[in-house]
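**Q** Need a 3D model of the following:
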Amino acid sequence: MNRKSLLAISVIAILVLSACGSAEPAQNAEDISNTAVAEAWIAITQTQAAMPASVPTSTPQPTATLAPTLALPTLVPATVAVVATPTPECNQIPTTETKGTLVNIEFKNESEGQVNLAFGMNTPNDKGECFTYSYGIGRGDIYPARILAGCYWGYAWITGDEPSVARTGGGVLCLTDPNLIYHITITKESFRLN
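**A** Purely as a prediction, here's the structure:
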């Protein structure tokens, strides 16, 4: 009898524990869309980082910082169409020689973590150029760069004690004056043009 009750209690415990782990959290379309955009930009950033050093590029090399060790959770495939940038032709790695006007910019990392940044043009310039720049910026660092004049969106993956995502949101940052140095501060959740 003692063996039968032990077996019955074991079976009930297994059923209770398996029932607790089977509930999946509900996700809305916006969460799935944001995750798909983040995964797309991670792939772009990793592709550019994997390019051999002999390939000429106008994108400045990132400062020597630790690589993020953030493991992304497995999610259900998105069921909505996701476009990473407003126009597909802007999803290009910058070329070494540009035809358009260049502007100076400084990114300041105030996020308290390592920033992996994607900074992309919203629409092509008058020369038909349209790029997405990628940078790695260390905690507290200021990163200077020269980019094409235009209007930009930004998306940053932040690692550290409290990983987060910063983005420009619904608006764009227009940087068009070659005589200025634009200062953009990245916090845990946003971009701020100073």
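**Q** What segments of this structure are helices?
**A** Ranges of helices in the chain, per DSSP state H, are 2-20, 29-49.
**Q** how many other residues sit next to residue 10?
**A** 10 (other CB atoms under 10 Å). Where C-beta positions appear, they are placed from N, C-alpha and C, glycine not excepted.
**Q** Check residue 99 too.
**A** 11.
**Q** neighbours around residue 163, how many?
**A** 14.
**Q** ah, wrong one, I meant residue 101
**A** Residue 101 has 14 nearby residues by other CB under 10 Å.
**Q** Provide a list of residues in contact with it.
**A** By CB atoms under 8 Å, 6 or more residues apart in numbering, the residues touching residue 101 are 125, 148-149, 176, 178.
**Q** For those, which single residue is the most surrounded?
**A** Neighbour max across those (other CB under 10 Å) = residue 148, 23 neighbours.
**Q** How about that residue, nearest residue that isn't a chain neighbour?
**A** residue 100 (4.8 Å; CB to CB, 6 or more residues apart in numbering).
**Q** Any figure for the gap between the one you found and residue 152?
**A** 13 Å (CB to CB, to the nearest Å).
**Q** of these two, who's got more company?
**A** Using other CB under 10 Å as the criterion, residue 100 and residue 152 rank with residue 152 on top: 25 against 18.
**Q** The residue nearest to residue 148: what's it in contact with?
**A** 125-127, 129, 148-150.
**Q** hmm, 10 Å instead?
**A** 121, 124-131, 147-150 (CB atoms under 10 Å, 6 or more residues apart in numbering).
**Q** For the residues you listed, could you give me TSV that also reports distance to residue 109 and pLDDT?
**A** Converted to TSV, the contacts of residue 100 look like this (distance: CB to CB, whole Å; pLDDT from 0 to 100):
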residue	distance to residue 109	pLDDT
121	22	91
124	29	93
125	27	91
126	32	91
127	31	91
128	32	90
129	27	92
130	26	92
131	21	92
147	17	95
148	22	94
149	23	95
150	23	94
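**Q** which of those count as buried?
**A** 121, 124-125, 129-131, 147-150 (16 or more other CB atoms under 10 Å).
**Q** Widest-spaced pair of those residues?
**A** The largest separation in the buried ones among the contacts of residue 100, counting by CB to CB, is between 124 and 147 at 13.9 Å.
**Q** list the residues that contact both of the two?
**A** Joint contacts of residue 124 and residue 147 (CB under 10 Å, 6+ apart) are 100, 131.
**Q** ok, the contacts of residue 100 vs residue 192, which is closest?
**A** residue 147 (17.4 Å).
**Q** Bridged to that closest one, which residues?
**A** residue 103 (DSSP bridges).
**Q** give the contact list for it.
**A** Contacts of residue 147 by CB under 10 Å, 6+ apart are 58-60, 94, 98, 100, 102-105, 119-121, 131, 133, 175, 182.
**Q** Let's see that with 8 Å instead.
**A** Residue 147 touches 94, 102-103, 105, 119, 131, 133, 175, counting by CB under 8 Å, 6+ apart.
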